[in-house]
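Colleague: Sequence and computational prediction follow.
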Amino acid sequence: MNSEDKKSAIACTLNDDEFRQRRVLARQTIIPEILSYKRVENGLNLVFSNTPVTLGHVEEFVRLEKGCCGFLTFELDTPSNAVDETIELAIIGPAGATQFIDMFIELVEDSANERIKA
């Protein structure tokens, strides 16, 4: 399979254990920093607080996800000056990638509900 085939295949390459570990990592790093999210056509827009730690976590998340979900496109918009207050990440996929976007939204919502209960 060439790199173009890998990019067009709608499948995560993580095994079950790796997938569980990635969910834990997301819940510990980027999900607590999400200020808001919005489903968009074929994807999801996430808005994060603008701190160096958060930016590092988001960049690492994108790097890891590009390695296992080559069918997704990640567009990271970082502040160009001190006036900008948020980091924005768009995760876009082909039409068949809806289940992956839905799984991430579910993870975000489950984490938010747990924080509210705590």
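Modeller: Thanks, I have the structure now. Numbers count the residues shown, from 1 in each chain.
Colleague: how about low-confidence regions in the chain?
Modeller: Within the chain, the stretches with pLDDT under 70 are 1-8, 81-84, 113-118.
Colleague: so how far is residue 95 from residue 42?
Modeller: Between residue 42 and residue 95 the distance is 6 Å, computed by C-beta to C-beta, to the nearest Å. (Each C-beta comes from the backbone N, C-alpha and C, glycine too.)
Colleague: so what does the longest helix along the chain touch, helix or strand wise?
Modeller: Looking across the chain with DSSP state H, the single longest helix is helix 98-117. On a contact count with 3 or more C-beta pairs under 8 Å, 6 or more residues apart in numbering; DSSP states H and E, helix 98-117 meets helix 16-28, strand 34-40, strand 43-49.
Colleague: what's the spacing between that helix and its chain's center?
Modeller: For helix 98-117, the separation from the chain centroid amounts to 11 Å (computed by C-alpha atoms, centre = their mean, to the nearest Å).
Colleague: again with stretch 50-63
Modeller: The answer for stretch 50-63 is 11 Å, by C-alpha atoms, centre = their mean.
Colleague: Pull that stretch out as CSV, backbone CA atoms only.
Modeller: Output in CSV follows, covering the C-alpha atoms of stretch 50-63 (Å, rounded to 0.1, in the frame of the first residue of the first chain):
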residue,chain,number,x,y,z
ASN,A,50,-4.0,29.7,24.7
THR,A,51,-1.2,28.6,26.9
PRO,A,52,2.2,27.2,25.9
VAL,A,53,1.4,23.9,27.7
THR,A,54,-2.0,23.6,25.8
LEU,A,55,-0.3,24.4,22.5
GLY,A,56,2.3,21.7,23.1
HIS,A,57,-0.4,19.1,24.0
VAL,A,58,-2.5,20.0,20.9
GLU,A,59,0.5,19.8,18.6
GLU,A,60,1.5,16.4,20.1
PHE,A,61,-2.1,15.2,19.7
VAL,A,62,-2.1,16.3,16.0
ARG,A,63,1.3,14.6,15.4
